[in-house]
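**Student:** please work out how this folds:
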Amino acid sequence: MDNDRDVAGQRRSAWCARLGAHIAELQSQINRMVKLGLSPADAEVAAKAEEQLASARQALSERQRFLKRITGLYADAALANVHEAEVEILQLLPAGELGWRGPRIVTQARLHLAADDQRLADLEAALKRNGNLLTPDLRDLAVSTLHAAQQAEEQERARARSFTQIVAASIVIMTVIAALFAVWGYAVPGVAEKFCFTPPEGMVCPIGHSAQGSDLLLVLFIGALAAALAGAVSLRTMHGTAGPYRIAVLLLVLRLPVGALSAALGILLISGEFLPGLSSLDSEAQIVAWAAAFGILQETVTRAVDKQGQLVLDNVRAPARGFEP
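**Tutor:** Modelled structure (predicted):
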């Protein structure tokens, strides 16, 4: 699990490095056009593009903040500013530098726009007539197509970020519930008694023969431990991402409180004779073993969440698109 986090961190660092390099390349293009001379109106657009790039650099420099680092918000904020700067630079480029950019814009638009998007269809048809060269008369169409593709990409990333926030909130809420449950078990002895059984030989609890708060704490811990082991096994089916989102890591962490609560709920179901054939456990080892079993069974729930998380990541197409000069 630690190795998975290290690999994910390296991928995010590489992603940020590529984005930083792309920001530097865009800045160099602006500097070059300013030196060549711009009209007052174009100079204003160039100044706006520089402001966007400065905002992108600032967003990347704030990635050490915990919430932004976990959700990828810092990277999305930086990328949104880069997108706006790219559009403004496309508006300013000299006619002689437009030609090769047409196919690149089409490639990006195909990734993020619907196949029947009219702007994309018109741009593809015009480029085909011009031998894949972007001419000044097509600049407005290219700007519109690029901007639409970038907005679609930002929506894809927003869905991934929203899913990350949901998973993170679920971890916090379920961890708080498990912690409060453990405290309740210490404060009210009757709660701990629900995790004890009364075979003919006398009362049997997870720890010893008398109910105490540590009985509930042991059940929660065993459930979390079993969930962690099951999560380690599930790593073979998980895929990392080159983007800034920590969905895979959060899904692994989610298993811990879910496993703890699953173990507690499972023992309560056995104690309440809800499960046919399991009316009483007659040893501490049996109680602990069933807690571990219910901790592993949480995989039936979290596996479905894993699939949804992978689907969200797959919908963020070409995470490193266009960062290389």
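**Student:** roughly how far apart are Leu98 and Leu113?
**Tutor:** Distance, Leu98 to Leu113, by CB to CB, to the nearest Å: 20 Å. The C-beta positions use only the backbone N, C-alpha and C, and glycine is treated the same way.
**Student:** show me which of the two is the more surrounded one.
**Tutor:** Using other CB atoms under 10 Å as the criterion, Leu98 and Leu113 rank with Leu113 on top: 20 against 17.
**Student:** how about the contacts made by the more buried one?
**Tutor:** Contacts for Leu113 (CB atoms under 8 Å, 6 or more residues apart in numbering) come out as 119-120, 145, 148-149, 152.
**Student:** any idea how far Lys35 is from it?
**Tutor:** Leu113 sits 35 Å away from Lys35, taking CB to CB as the criterion.
**Student:** and for Leu229?
**Tutor:** For Leu229, the distance to Lys35 - CB to CB - is 61 Å.
**Student:** now swap in Leu275 and tell me
**Tutor:** Noted for Leu275: a distance of 77 Å to Lys35, by CB to CB.
**Student:** the more surrounded of these two?
**Tutor:** Shown here are Leu275 and Lys35; by other CB under 10 Å, Leu275 has more neighbours (12 against 8).
**Student:** list the contacts of that one.
**Tutor:** Leu275 is in contact with Leu269, counting by CB under 8 Å, 6+ apart.
**Student:** so what does the helix or strand where Leu229 lies touch, helix or strand wise?
**Tutor:** For Leu229, the host element (DSSP states H and E) is helix 213-234. For helix 213-234, the packing partners by 3 or more CB pairs under 8 Å, 6 or more residues apart in numbering; DSSP states H and E come out as helix 139-187, helix 189-193, helix 247-271, helix 284-297, helix 299-314.
**Student:** can I get these in JSON lines including mean pLDDT, distance to Ala21 and mean neighbour count?
**Tutor:** Formatted as JSON lines, the helices and strands packed on helix 213-234 follow (pLDDT from 0 to 100; distance: least, CB to CB, whole Å; neighbours: other CB atoms under 10 Å):
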{"stretch": "helix 139-187", "mean pLDDT": "90", "distance to Ala21": "18", "mean neighbour count": "17"}
{"stretch": "helix 189-193", "mean pLDDT": "85", "distance to Ala21": "57", "mean neighbour count": "16"}
{"stretch": "helix 247-271", "mean pLDDT": "89", "distance to Ala21": "25", "mean neighbour count": "23"}
{"stretch": "helix 284-297", "mean pLDDT": "91", "distance to Ala21": "45", "mean neighbour count": "20"}
{"stretch": "helix 299-314", "mean pLDDT": "83", "distance to Ala21": "23", "mean neighbour count": "16"}
